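K.L.:
take this sequence and fold it.
(one chain, ligands or ions: 2)
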Amino acid sequence: MKTPVRVAVTGAAGQIGYSLLFRIASGEMLGKDQPVILQMLELPLEKAQAALRGVMMELEDCAFPLLAGMVGTDDPEVAFKDADVALLVGAMPRGPGMERKDLLLKNAEIFTVQGRALNKVASRGVKVLVVGNPANTNAYIAMKSAPDLPAKNFTAMLRLDHNRALSQLAGKAGVAVGEVEKLVVWGNHSPTMYPDYRFATASGASIKDTINDADWNANVFIPTVAKRGAAIIEARGLSSAASAANAAICHVRDWLLGTNGKWVTMGIPSDGSYGIPEGVIFGFPVTAQNGEYSLVRDLPIDAFSQKAIDKTLGELEEERAGVAHLL
Ligand SMILES: NC(=O)c1ccc[n+]([C@@H]2O[C@H](COP(=O)([O-])OP(=O)(O)OC[C@H]3O[C@@H](n4cnc5c(N)ncnc54)[C@H](O)[C@@H]3O)[C@@H](O)[C@H]2O)c1
Ligand SMILES: O=C(O)C[C@H](O)C(=O)O
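P.N.:
Residues are numbered from 1 along each chain as shown. Ligands and ions are numbered 1, 2, ... in the order given. Predicted coordinates:
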């Protein structure tokens, strides 16, 4: 029997939490032979704590063989104690008519507090995924609030955008979604993100050449992916939850268990590549192996792409300036 991995999940009684915890406990994130201990954080409000107790009862009732323990708490230092993986989901979601950056000041403080708590009590190699919006800047805040932990281990979720782009591309090209490789979504998890299909292939053939439609790329593909979160809020009255939880599972699974050479998109602190200033949490193409991700380097950036990358970077720089006083 392997040693259990401690997985902290914040916002555990929320919508995404409810779609996420059961899949982690069933082994979908860390493997079917990997026991887990779930360390769940909710707000110190009776309603939130009662909902968390209910979720924990349901987890118990699933009798998951891999669930080696559970902690439910309102204290970040309890939730993050010795955590190997931390999924920072708990934050306010946007409603109709809002942009994700409208949440910035409402949610920012959560990530200073949680970054400090991770810094104090988490495993020194803790791998952090920020889901709560605006995810890139919240990940930046958490990273800056945790100076004793490796900065590279603070990541933001762009995998939902990546998966959305995969489905749109596969549909347009008439190929199976599982065949599509070498896709990336550059930048911020916001409408300025740049889903880039220039390198994408299906069974080795260029998807861009198959589709051969620059107008579709600029006027349908990119805006559909970039505005998909808003379309879901419009349709459901609530923001995406099951697909967001699925993306979080994909992100952590691929990071820890590897991608076998396939590209995925992760929001990671820039090392200065592609002209993105060091430390900015930016969606980049990566591969992963042995629990570490590596940037896909030296891709050619044409004028259209440079413009799109500059736009999303400009927005991230603005967000960063907006939270500078908190750091
Ligand atoms: N990055 C992405 O792709 C992506 C996708 C979907 C949603 N999101 C974001 O994820 C976040 C959560 O969405 P949701 O639909 O689960 O929202 P939700 O409101 O259903 O759940 C959020 C939960 O977090 C809890 N919470 C709030 N502040 C907390 C704190 N400081 N500590 C611990 N728990 C706290 C709340 O009590 C609530 O139960 C939102 O910010 C949403 O915008 C991001
Ligand atoms: O769009 C939102 O506010 C929720 C989430 O970020 C999404 O992309 O679905």
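K.L.:
which positions in this protein make contact with ligand 2?
P.N.:
With Cβ under 6 Å from any ligand atom as the criterion, the chain meets ligand 2 at residues Pro93, Arg94, Arg100, Asn133, Leu160, Gly229, Ala230, Ile232, Ser239, Ser240, Ala244. C-beta: built from backbone N, CA, C; applies to glycine.
K.L.:
what is the neighbour count of the closest residue to Leu105 other than its chain neighbours?
P.N.:
Sequence neighbours aside, Gly322 is the residue nearest to Leu105 in space, at 7.4 Å (criterion: Cβ to Cβ, 6 or more residues apart in numbering). Gly322 sits with 15 neighbouring residues when counted by other Cβ atoms under 10 Å.
K.L.:
how close does Gly322 sit to Leu104?
P.N.:
Gly322 sits 6 Å away from Leu104, going by Cβ to Cβ, to the nearest Å.
K.L.:
shared neighbours of the two, anything?
P.N.:
Thr137 (Cβ atoms under 8 Å, 6 or more residues apart in numbering).
K.L.:
who's in contact with Leu326?
P.N.:
Ala108, Glu109, Thr112, Ile141.
K.L.:
quick one, which of the residues you listed are buried?
P.N.:
Among the contacts of Leu326, those scoring as buried are Ala108, Thr112, Ile141 (criterion: 16 or more other Cβ atoms under 10 Å).
K.L.:
is Met70 bridged to anything, and to what?
P.N.:
Leu38 (DSSP bridges).
K.L.:
how close does it sit to Ile24?
P.N.:
11 Å.
K.L.:
touching, Val131 and Ala244? I think so.
P.N.:
Yes. Between Val131 and Ala244 there is a contact at 6.5 Å, judged by Cβ atoms under 8 Å.
K.L.:
find the residues that touch each one of the two.
P.N.:
Ile16, Met157.
K.L.:
who's more crowded, these two?
P.N.:
Set Val131 next to Ala244 and count neighbours by other Cβ under 10 Å: Val131 wins out with 28 against 23.
K.L.:
which phi and psi does the more buried one have?
P.N.:
Main-chain torsions, Val131, degrees, to the nearest 10: phi -110, psi -40.
K.L.:
all helices for the stretch 151-300 of the chain, in order.
P.N.:
159-173, 207-211, 214-216, 222-226, 228-236, 242-257 (DSSP state H, counting those that start in this stretch).
K.L.:
export those helices as CSV, with columns for mean pLDDT and distance to Lys152.
P.N.:
Shown next, in CSV, are these (pLDDT from 0 to 100; distance: least, Cβ to Cβ, whole Å):
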stretch, mean pLDDT, distance to Lys152
helix 159-173, 98, 17
helix 207-211, 95, 30
helix 214-216, 97, 36
helix 222-226, 98, 26
helix 228-236, 96, 26
helix 242-257, 98, 11
